[in-house]
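In: Turn this into a structure:
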Amino acid sequence: MSSLALDAEALYAELVRGVRALLEPDTRLAGIVSGGQWLAERLQADLGLPGATGALSSAMHRDDFAKRGLAASGQTVLPFDAEGADILLLDDVLHTGRTVRAVLNELFDYGRPARVRLAVLVDRGERQLPVAAEFAAVRVALPATQSLELARGEGGAFSFRIQNRG
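Out: Presented below is the predicted three-dimensional model:
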């Protein structure tokens, strides 16, 4: 484990502030399965936004699909028309940019949005693709041997798990 301690709830409060500044009357929230989806759902409720959030899976468009196969995580659900939409995409951790690229490909399978912006809880840098978040609650550096995952407790509270990759 790492000595880095991240308070996920404090970072979520910062994300609320940042997302509120990015919202326009017709903005729709969509989260990347699963951490981003949890964030989008909670933001929708906490900000009192109408409608339902979308969930976007990267599974079918990953560049390592042949190696990883189809993940058992959630499926894409878009309860709104993506065509011409202003979409704010949420994710828990932005790292290489590869998941965001895959999710954008998935999103465009549903239509051509007018605009897509990205807000994340944690930006850990080390991009392999030219992807940037409009808003990040925090930027941290972690060794490449560690992964950072958002966890959600039974009451809905967020926390982080930092794990060493074997």
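
In: Just give the number of residues close to the closest residue to Arg112 other than its chain neighbours.
Out: Excluding the flanking residues, the one nearest Arg112 by C-beta to C-beta, 6 or more residues apart in numbering is Glu83, at 6.0 Å. No exception for glycine: its C-beta is placed from N, CA and C like everyone else's. By other C-beta atoms under 10 Å, 10 other residues sit near Glu83.

In: now do Gly84
Out: The burial count for Gly84: 11, using other C-beta under 10 Å.

In: can you check Leu94 too?
Out: Neighbour count for Leu94, taken as other C-beta under 10 Å: 25.

In: Which pLDDT value goes with it?
Out: In this model, Leu94 is scored at 98, pLDDT.

In: any idea where the strands of this protein begin and end?
Out: Using DSSP state E, the strands of the chain run over residues 27-32, 54-56, 86-94, 115-123, 135-139, 146-152, 158-164.

In: Output the ones you listed in CSV, with distance to Ala40 appended to each entry.
Out: Formatted as CSV, those follow (distance: least, C-beta to C-beta, whole Å):
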stretch, distance to Ala40
strand 27-32, 3
strand 54-56, 7
strand 86-94, 5
strand 115-123, 10
strand 135-139, 14
strand 146-152, 12
strand 158-164, 13
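
In: And stretch 82-101, what's buried?
Out: 82, 85-95, 97-101 (16 or more other C-beta atoms under 10 Å).

In: just how off-centre is it within its chain?
Out: Its chain's C-alpha centre and that of stretch 82-101 lie 6 Å apart, by C-alpha atoms, centre = their mean, to the nearest Å.

In: Can I get that stretch in PDB? Just the C-alpha atoms.
Out: What follows is stretch 82-101, C-alpha atoms only, in PDB (Å, rounded to 0.1, in the frame of the first residue of the first chain):
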ATOM      1  CA  ALA A  82     -26.900  11.600 -27.600                       C
ATOM      2  CA  GLU A  83     -27.400  13.300 -31.000                       C
ATOM      3  CA  GLY A  84     -26.700  17.000 -30.500                       C
ATOM      4  CA  ALA A  85     -26.500  16.700 -26.700                       C
ATOM      5  CA  ASP A  86     -24.200  18.600 -24.400                       C
ATOM      6  CA  ILE A  87     -22.700  15.800 -22.300                       C
ATOM      7  CA  LEU A  88     -20.500  16.000 -19.200                       C
ATOM      8  CA  LEU A  89     -18.700  12.700 -18.900                       C
ATOM      9  CA  LEU A  90     -17.700  11.700 -15.300                       C
ATOM     10  CA  ASP A  91     -14.900   9.400 -14.300                       C
ATOM     11  CA  ASP A  92     -13.200   8.500 -11.000                       C
ATOM     12  CA  VAL A  93      -9.600   8.300 -12.100                       C
ATOM     13  CA  LEU A  94      -8.000   9.700 -15.300                       C
ATOM     14  CA  HIS A  95      -4.700   8.000 -16.000                       C
ATOM     15  CA  THR A  96      -3.600   7.000 -19.600                       C
ATOM     16  CA  GLY A  97      -6.600   8.300 -21.400                       C
ATOM     17  CA  ARG A  98      -7.300   4.900 -23.000                       C
ATOM     18  CA  THR A  99     -10.600   4.300 -21.200                       C
ATOM     19  CA  VAL A 100     -11.900   7.700 -22.100                       C
ATOM     20  CA  ARG A 101     -11.000   7.100 -25.800                       C
END
